[in-house]
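Participant: Sharing a model that was predicted from the sequence below.
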Amino acid sequence: MADLQIIKTMLERALHQRPFLLATTSGAAALVVFAAWCIKDYRDYLALGPGGPPYNVKGWAWITFGIRPFALSKSGATYVADYPTEGSHPEIKGLPRRQGDRALLGGIAPHRQLSQHAPTRMRTYIENLFANAARQHPSILETRKSLYERHHNALFVSHKLLESRPERLPQTAIIARGELGHAHPDLSVHLYLSPADARVIIEKGWAERHRLSVPETSWVKNKYAIASTYLMMYGPRDEKEMEVLRVILENSIRFMTGQDEVEKVQWKNAV
């Protein structure tokens, strides 16, 4: 593979420029371990599929060495202490707890679900949910190419609303450039929620933070146009979990558009 050859060449060049590393067994051994780690990590990056950064060694290097050091740890993705304990929408408070363990996630960008995947039949339902949300709310929502993913569509706060009433929108909508959320090929979903809703949804096991969705107290907050309540929703495993996703999406719409009156979004059929 050409990209793996590039990594090998980079490492060989490093050795040539720093021959003193070969003077000690420990230095040489450390370099071998590092090379093996780089190759495995690069393969893991490619296995996530395209999404966001370039799908090559340059994209991998940018994420691995330029972004990952500032991201939340995997365990930190369920941190909620920075979110308020009060103020969540009643529909969010009423959600059941998700059954079973959390799904396993991988990557930062792209960010994907690695276990407990939604069955194939959910794909049409999820596509309907996002498309219908825009069709049912044409004055406040629109569909455009995702600014985060760059390979598929996302749901946005309408450009007209962003331009005409920015003072009525949460700062999150401005930071996100209007992007409310999108679904991935693996049927997991990224969505923005209010801080109070985000806390409840994470605590009930339906989601976790994107690893660049750091607390507001972090010195890298809002970097890469990602605000503090950008969540990864685990893919719905059945129709009951599709209903949960519907409720969560509707409250994402309420938060990001500043509109309390949101129509029930249909997902069983296209409207």
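Facilitator: All right, it came through fine.
Participant: name the helices or strands packed onto the longest helix along the chain?
Facilitator: For the chain, the helix with the greatest residue count under DSSP state H is helix 25-47. With contacts defined as 3 or more CB pairs under 8 Å, 6 or more residues apart in numbering; DSSP states H and E, the packing partners of helix 25-47 are helix 2-17, helix 57-61. Yep, even glycine has a C-beta here, placed from its N, CA and C like the rest.
Participant: Distance from that helix to the middle of the chain?
Facilitator: 26 Å (CA atoms, centre = their mean, to the nearest Å).
Participant: circling back to that earlier point, mean pLDDT lowest for which of the helices and strands packed on helix 25-47?
Facilitator: Among the helices and strands packed on helix 25-47, helix 2-17 carries the lowest mean pLDDT, at a mean of 60.
Participant: Walking through the chain, point out its strands one by one.
Facilitator: 105-106, 112-113, 141-145, 153-157, 179-183, 189-192, 207-209, 230-233 (DSSP state E).
Participant: Give the pairing partners of the second one; include direction for each.
Facilitator: Here strand 112-113 is paired, per DSSP bridges, with strand 105-106 (antiparallel).
Participant: Contacts for the partner strand next, please.
Facilitator: Where contact means CB atoms under 8 Å, 6 or more residues apart in numbering, the residues beyond strand 105-106 that reach it are 44, 48, 74, 77, 111-114, 188, 208, 232.
Participant: Now, of those, which are buried?
Facilitator: Among the contacts of strand 105-106, those classed as buried by neighbour count (16 or more other CB atoms under 10 Å) are 48, 77, 111-113, 188, 208, 232.
Participant: beta partners for the nearest residue to V189 once chain neighbours are set aside?
Facilitator: Spatial nearest neighbour of V189, excluding adjacent residues (CB to CB, 6 or more residues apart in numbering): M233 at 4.2 Å. Beta-bridge partners recorded for M233 (DSSP bridges): V189, A207.
Participant: What's the per-residue pLDDT of M233 here?
Facilitator: 99.
Participant: quick revisit: now the strands of the chain in JSON lines, with distance to E86?
Facilitator: Below are the strands of the chain laid out as JSON lines (distance: least, CB to CB, whole Å):
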{"stretch": "strand 105-106", "distance to E86": "28"}
{"stretch": "strand 112-113", "distance to E86": "30"}
{"stretch": "strand 141-145", "distance to E86": "28"}
{"stretch": "strand 153-157", "distance to E86": "25"}
{"stretch": "strand 179-183", "distance to E86": "24"}
{"stretch": "strand 189-192", "distance to E86": "20"}
{"stretch": "strand 207-209", "distance to E86": "19"}
{"stretch": "strand 230-233", "distance to E86": "19"}
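Participant: ok, now which ones touch E216?
Facilitator: 82, 228.
Participant: I meant K221, not that one.
Facilitator: Applying CB under 8 Å, 6+ apart, the residues near K221 are 214-215, 228.
Participant: Now the buried members of those residues.
Facilitator: Applying 16+ other CB under 10 Å to those flags 214, 228 as buried.
Participant: Closest to P170 out of the contacts of K221?
Facilitator: Closest approach between the contacts of K221 and P170, by CB to CB: S228, at 11.1 Å.
Participant: isn't the closest one right up against P215?
Facilitator: Yes: with contact defined as CB atoms under 8 Å, S228 counts as touching P215 (5.9 Å).
Participant: shared neighbours, those two?
Facilitator: Common neighbours of S228 and P215, counting by CB under 8 Å, 6+ apart, are 82, 221.
Participant: what's the neighbour count on the residue nearest to V189?
Facilitator: Close neighbours of M233, defined as other CB atoms under 10 Å, add up to 25.
Participant: That one contacts L191, doesn't it?
Facilitator: Yes: counting by CB under 8 Å, M233 does reach L191; the two are 5.9 Å apart.
Participant: what touches both of these two?
Facilitator: 207, 248.
Participant: how is this structure carved up into domains?
Facilitator: Split into domains by automatic domain parsing, the chain comes to 2-69, 73-257.
Participant: hey, least reliable of these by pLDDT?
Facilitator: Mean pLDDT values for the domains of the chain show the minimum at domain 2-69, a mean of 79.
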